[in-house]
Each structure stands twice: as C-alpha cells, then as structure tokens.
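Enquirer: Attaching a predicted model along with its sequence, questions to come.
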Amino acid sequence: MATHDVLVIDPSTLFRQGLRQLLPQDFRVVSEARDVEAARAELSAPTPNDIPGAKPSGRGIALVLFDVTDAGEFRAAASQLHSLFPDARLVYLTNGFDAPRLRMALEAGIDGYLTKDRSSNALIQSLHLVMLGEKVFPSDLALLLTQQNHTGGVGAGSPHKGLSMRETQILRALVKGESNKVIANGLHITEATVKVHLKSLLRKINCNNRTQAAIWALNNGLTEATPTAGAA
C-alpha cells in the first residue's frame, strides 16, 4: 500500500494532533502548522539530509489538509499552497460551508472540500478518493451551490427526501462495496432493475458514480439495515 506524506494546516493545535492520531498508516502526517506562512517557514528550514544550496521541494508532500478561519483569506491561501506544493492534492477541511467559499474552491482547483463534522470513516474514504485523482465535494455542497444559482436540483430538508425505500437499500449496499449482481440477489430483483434504481438515485443526490454515492451515504448516516418489505 502506498504511503502519502501529509501536511496539516489548521489554527487549532488540538485538531492537528487529533488528526495525526486519526489518519491510517497510509496517510503519514510529516508536518503541521497553524497557517500557510508557518508551514512555509517550517518546510523551508534546512534538515540534515538537505543538499547545500538546493531549493526546498516541499519534502515530498502528497496531500495538504488545510483550513483558514477567515473566508476572505481562502483564495490567497489556496494560491500559496498551489505554488508551494504544485504536485500535492489540496483538501479544504473546515467547520462549515457556504456558497462563496464553495465557488472559490471550485475556481481554485481544490481537490476536495470536506467538513469536520463527518465521521472518521467518511473522511478517510474521501481522502482515498482524492489520492486516486477524484474531486470530492459532498452532495450537500453541490446542492447549496445549485440553490444559490436557482437552477433547481434536489429539494431542501431531509437528506433522504425523494429517495425510495429501494434506492435507500441500494445506497446501503454500495457502502458495503457490493456489485450490482450481489445487490440484485440480496433484494430479489434483476440486475437491470438495480441499474435503473442506481441511475435514478445518482441523479437525485447529485453524484456521478457509485463511489461518490457511497460517500454520500456515509455522510448522511445511511449505514444501518433497512427492511425489504414494501420497497418500490
């Protein structure tokens, strides 16, 4: 399994230390800092293995998890991080979300916009997706942007609103990594029917594929068993 060197930038020392303990072995936190300037200073400092006169290279950072307390500083922080770590994946990990910052994240080419209130499993799976080259933006953020632009989309309210019982069952199966064939056997329906339901639920939750749908399900608590009776 590949190991990814991680830089954590967050104003909270307690959060940085907690994240270091939370992440699995394939995400190795090699440095942490309170802000981008502190990260720059630390990573620019010479180490015993540095070649005299060589330009600091970011020490092989593959993933940067960062937060900024002021939304107005986001664009500048993102630009600096892209400059410092041109080959690294950037994930904005923050306490909340709003349409302006979401738009800035999309415009800045951020690889992920994740909130701190998610479960540890959802966070880790999202980071794995990022390292595979996917852009990870939770569906509630996409919904917020859609509503702000008045272009329609999934209705507000309960995150499960609009999903049928059968679609909810299939979402839970996706979290388990089940194939269409396994899902069909478990629900006593055909694979063709599974595909129809899958296409419908992906549209409803604004996801592009089954992996993103599984992350959406984890974020919204769809991990417990659901009765099969009465499914549509």
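Expert: Cool, got the structure. Residues are numbered from 1 along each chain as shown.
Enquirer: any idea how far the helix or strand containing Ile215 is from the chain center?
Expert: Following DSSP states H and E, one finds Ile215 within helix 210-219. Chain-centre distance of helix 210-219: 10 Å, with Cα atoms, centre = their mean, to the nearest Å.
Enquirer: What of stretch 191-210?
Expert: 20 Å.
Enquirer: Name the residues of it that are buried.
Expert: Within stretch 191-210, the residues that count as buried by 16 or more other Cβ atoms under 10 Å are Val194, His197, Leu198, Ser200, Leu201, Leu202, Lys204, Ile205, Asn206, Cys207, Arg210. In short, each C-beta sits where N, CA and C put it, glycine included.
Enquirer: count of neighbours near Gly72?
Expert: 10 (other Cβ atoms under 10 Å).
Enquirer: Which helix runs longest in the protein?
Expert: Looking across the chain with DSSP state H, the single longest helix is helix 191-204.
Enquirer: Now tell me what touches that one from outside.
Expert: Residues outside helix 191-204 that contact it (Cβ atoms under 8 Å, 6 or more residues apart in numbering): 154, 162-164, 166-167, 170-171, 180-181, 183-184, 187, 208-210, 213.
Enquirer: So for stretch 128-135, mean pLDDT?
Expert: Confidence for stretch 128-135, expressed as mean pLDDT, is 88.
Enquirer: could you give the mean pLDDT of stretch 27-36?
Expert: 94.
Enquirer: what angle separates the longest helix of the chain from helix 210-219?
Expert: Put simply, helix 191-204 runs at 60 degrees to helix 210-219, going by axes from the mean of the first three to the mean of the last three Cα atoms, to 10 degrees.
Enquirer: helices and strands around the helix or strand harbouring Leu129, which ones?
Expert: Assessed by DSSP H and E, Leu129 sits inside helix 120-131. Judged by 3 or more Cβ pairs under 8 Å, 6 or more residues apart in numbering; DSSP states H and E, helix 120-131 is in contact with strand 63-66, strand 89-94, strand 112-115, helix 210-219.
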